[in-house]
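> Quick one, fold the following:
(chains A and B)
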Amino acid sequence: MTTPTKTKVISRKTTDLDTDYKWGFVTDIESDLAPKGLNEEIIRLIVAKKNEPEWMLEWRLRAYRHWMKLNYEEPKWAKIHHPPIDFQDIYYYASPIKEKSPGSLDEVDPELVEAFNKLGIPIEEQKKLSGVAVDAVFDSVSIATTYKKTLEELGIIFCSVSEAVQKHPELIKKYLGSVVPYTDNFYASLNAAVFSDGTFAYIPPGVRCPMELMTYFRMNTEGTGQFERTLIIADEGSYVSYLEGCTAPMRKSNQLHAAVVELIALDNAEIKYSTLQNWYPGDKEGKGGVFNFVTKRGKAAGVNSKISWTQVETGSAITWKYPSVILQGDNSVGEFYSVALVNNYQQADTGTKMIHIGKDTKSTIVAKGISAGHGQNTYRGLVKIMPSATNARNFTRCDSLLIGDKCGAHTVPYIEVRNPTAQMEHEATTSKVSDDQLFYCMQRGISEEDAQHMIINGFCRGIFKELPFEFAMEASQLLKVSLEGAVG
Amino acid sequence: MSARAGNHKGPLLEVRDLHAGVAEVEILKGLDLTVNLGEVHAIMGPNGSGKSTLANVLAGKPEYKVTAGEVIYEGSNLLKLTPDRRALDGIFLAFQYPVELPGVREREFMKTALDAIREHRGLEKLSVREFNKLFQEKIAQMEMSPDLVKRSVNEGFSGGEKKRNEILQLAVLEPKLALLDETDSGLDIDALKIVADGVNKLRGPSRAIVIVTHYQRILDYIKPDFVHVLIDGRIVRSGGPELALELEAKGYEWIKEAVESGERLSV
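Model (predicted):
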């Protein structure tokens, strides 16, 4: 069996990187690293580290063996380009060294707390003031879950997936992999084999979660892949709004992030899932940055259930993700609201799939793509109406905004209708931030940068209103920072 | 207070021998104009004479290039300033073709602009409540719909609404030098009266207004102190309000002929 190495990770000065990324600090925390590379031994090590039961090991090994059969053949259909990824040159497990999970914030490594403060997520403050329950995942391991007690009183489970495996195995066994099976795609297989942590939430029948649940993800250790797994179950008649935010230090090398998110909404339940993705995008020449290859899918399993995805994607060198909804329950609703921004040499291939199975199901897709610099932005979406989905309806709107003349916007909508009662609407526009618009704003005393920010915010208005208020403010700031230097 | 504001003696605006154009074509060919605080000037001329060019050059629209001459505003060189700096210093252009800003709410747009201008003048920003009160007053004054605040700037506005909106913005921002570029075109008579009322309320010793227009009609409602006739990039004649009436009666051909025959009058 491979022995884990305990290394003090030395903080690397990142001032040599030419970038304005403001979340690029590296936190000096002792890190527990498994050796690089992936084999059955590593999976056994992860399982041992996490003290997981035998059935988890078997599931992971099945996933691993399936993945090996794929022979490192990544999906090739997306409009993205990158050098080959050496999957044996990645750390599949890195954890801050503290072995026992903290019972309260006082037990959390102070440097970690400081790291979260730098991220603008002061856990203490969040806990006291904003009523947001925060789970923080640092290099794949869940560090602290605040507000647990308040939630427990309502019967809401909000904890790390590791903890859920120990304490709620019946829920994990029933739902893990039920929406995204480990055979789903290359990265989903990899994730199932090696995921080290993530967030788990369960809302019991009839409970309306009184606060936003939130996870903050952070990659710290160099050369680590981050493979978190999120599972949210809204039982009958329940409601939950969940937020996730992500940042990573600046690294010259690319980091792989291959997460899987599964949502399940039973009868009359609703899940609202919001993402602010700000992984390190690479420098101005396109060096470094996170490869964000994520599988997100929700199953609106029950009648009148609803799943709503809202995402603001500004980070990552490459984003490859399609938060989707399977509209299985009659009268269920699926929504996808997205802003994807690319600048410099970023690439995004993102969109959604709406699979209509139940009767009277309804889906809405609003995707806004902003391209600047040499960025390439693709919307890729599938709306599929199955023969059983009588009276299904879909509305799709894709808008692209171009800044400068070196970037690209692409729209690839697939529509597959197998029931003649379906109603489909599709709208698409492409526009530029015009010199006339900038001049008009500046003539009123607004600086060029603020004018650009205002016009772009206007373009995204329909999406931002879907976000919780504080998140909408943060999203707007993130767009501003991500576009610095893109004017002119 | 910015250093130049308030303590400057002399004209607000002096344009001297201005040559300017767009894409290598010279449109203004030696234009002179002096404007003092408290004055209302009308610049009249046929199509293509350079009226809008003058307004855009003063506001700093990037595609217009100045090739010779100078523009002195409050005693300093205006031409080296960026458009937003000019606006902060008190120059306002009511656009001939106001621009649509999809998704940008009128209220947010105006609040951002007023905040920037007040900050530049050394004044406190208005609170949201104070601003909303001021904005609603001005909207009522322009007889516009109160739901304007929630609409996107100029998006889906009729031509007349856009022009009225320009004057609304003028009233909110209270500049020192207001340039009205063909604000009267496309307005019916009722809208014209409202716009003129709005402008007249802004007349006063701390402000100058320059109205660029093809037609005399707006001058029935906003009485200018001076009327200038712009032909082929130069001001060929200046006078009082009576000059506008004379133009209305005789047309621009009359002035052109007079200029060609060497007769040149100025105040």
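
> make it CA atoms for all contacts and neighbour counts henceforth
Fine.

> Around chain A, pick out the residues from the stretch 101-250 of chain B.
For the stretch 101-250 of chain B, the residues in contact with chain A (C-alpha under 8 Å from any C-alpha of the partner chain) are B:Leu101, B:Pro102, B:Gly103, B:Val104, B:Arg105, B:Thr112, B:Ala113, B:Leu114, B:Ala116, B:Ile117.

> Show me what the fifth one bridges to in the sheet.
In this entry, B:Arg105 is beta-bridged to B:Ser152, by DSSP bridges.

> what sits up against stretch A:60-72?
Here stretch A:60-72 makes contact (C-alpha atoms under 8 Å, 6 or more residues apart in numbering or on different chains) with A:Glu40, A:Ile43, A:Phe87, A:Tyr182, A:Thr183, A:Phe186, A:Ser189, A:Leu190, A:Ala192, A:Ala193, A:Val194.

> and those as a markdown table, adding pLDDT?
Below are the contacts of stretch A:60-72 laid out as a markdown table (pLDDT from 0 to 100):
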| residue | pLDDT |
| --- | --- |
| A:Glu40 | 91 |
| A:Ile43 | 92 |
| A:Phe87 | 88 |
| A:Tyr182 | 95 |
| A:Thr183 | 95 |
| A:Phe186 | 94 |
| A:Ser189 | 95 |
| A:Leu190 | 94 |
| A:Ala192 | 95 |
| A:Ala193 | 94 |
| A:Val194 | 92 |
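
> Got a quick PyMOL command for the buried subset of those residues?
Buried residues among the contacts of stretch A:60-72 (16 or more other C-alpha atoms under 10 Å in any protein chain shown), as a PyMOL selection:
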select buried, chain A and resi 40+43+182+183+186+189+190+192+193+194
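
> now, which of the contacts of stretch A:60-72 sits nearest B:His8?
When the contacts of stretch A:60-72 are ranked by distance to B:His8 (C-alpha to C-alpha), A:Phe87 comes first, at 70.5 Å.

> In its sheet, which strands sit next to the longest strand seen in chain A, and in what direction?
Counting residues, the longest strand found in chain A (DSSP state E) is strand A:289-300. Within its sheet, strand A:289-300 is paired with strand A:254-257 (parallel), strand A:260-265 (parallel), strand A:318-321 (parallel), strand A:324-327 (parallel), according to DSSP bridges.

> Would you pull up the residue in the stretch 1-150 of chain B closest to chain A?
B:Gly103 (3.8 Å; C-alpha to the nearest C-alpha).

> That residue: how many residues sit nearby?
Counted with other C-alpha atoms under 10 Å in any protein chain shown, the neighbours of B:Gly103 add up to 20.

> On the three-state scheme, it is what?
Secondary structure, DSSP: H, G, I helix; E, B strand; the rest coil: B:Gly103 is strand.

> Can you say which helix or strand has the residue nearest to it when sequence neighbours are not counted in it?
With sequence-adjacent residues excluded and distances taken as C-alpha to C-alpha, 6 or more residues apart in numbering or on different chains, B:Gly103 is closest to A:Gly458, at 3.8 Å. Taking DSSP states H and E as the definition, A:Gly458 sits inside helix A:448-459.

> Could you list the contact residues of the stretch 351-488 of chain A toward chain B?
Contact residues, the stretch 351-488 of chain A versus chain B (C-alpha under 8 Å from any C-alpha): A:436-437, A:439-440, A:442-448, A:454-455, A:457-461.

> can you do 10 Å?
Contact residues (C-alpha under 10 Å from any C-alpha of the partner chain) of the stretch 351-488 of chain A with chain B: A:433-448, A:450-451, A:454-462.

> residues touching A:Gln346, list them.
A:Gln346 makes contact with A:80, A:281-287, A:289-290, A:314-319, A:371-377, A:407, according to C-alpha atoms under 10 Å, 6 or more residues apart in numbering or on different chains.

> Kindly recompute the last result at 6 Å.
Contacts here follow C-alpha atoms under 6 Å, 6 or more residues apart in numbering or on different chains; on that basis A:Gln346 touches A:Ala317, A:Ile318, A:Gly375.

> possible to save those residues as JSON lines with neighbour count, distance to A:Pro387 and pLDDT?
As requested, these are arranged in JSON lines below (neighbours: other C-alpha atoms under 10 Å in any protein chain shown; distance: C-alpha to C-alpha, whole Å; pLDDT from 0 to 100):
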{"residue": "A:Ala317", "neighbour count": "28", "distance to A:Pro387": "39", "pLDDT": "90"}
{"residue": "A:Ile318", "neighbour count": "28", "distance to A:Pro387": "36", "pLDDT": "92"}
{"residue": "A:Gly375", "neighbour count": "23", "distance to A:Pro387": "39", "pLDDT": "93"}
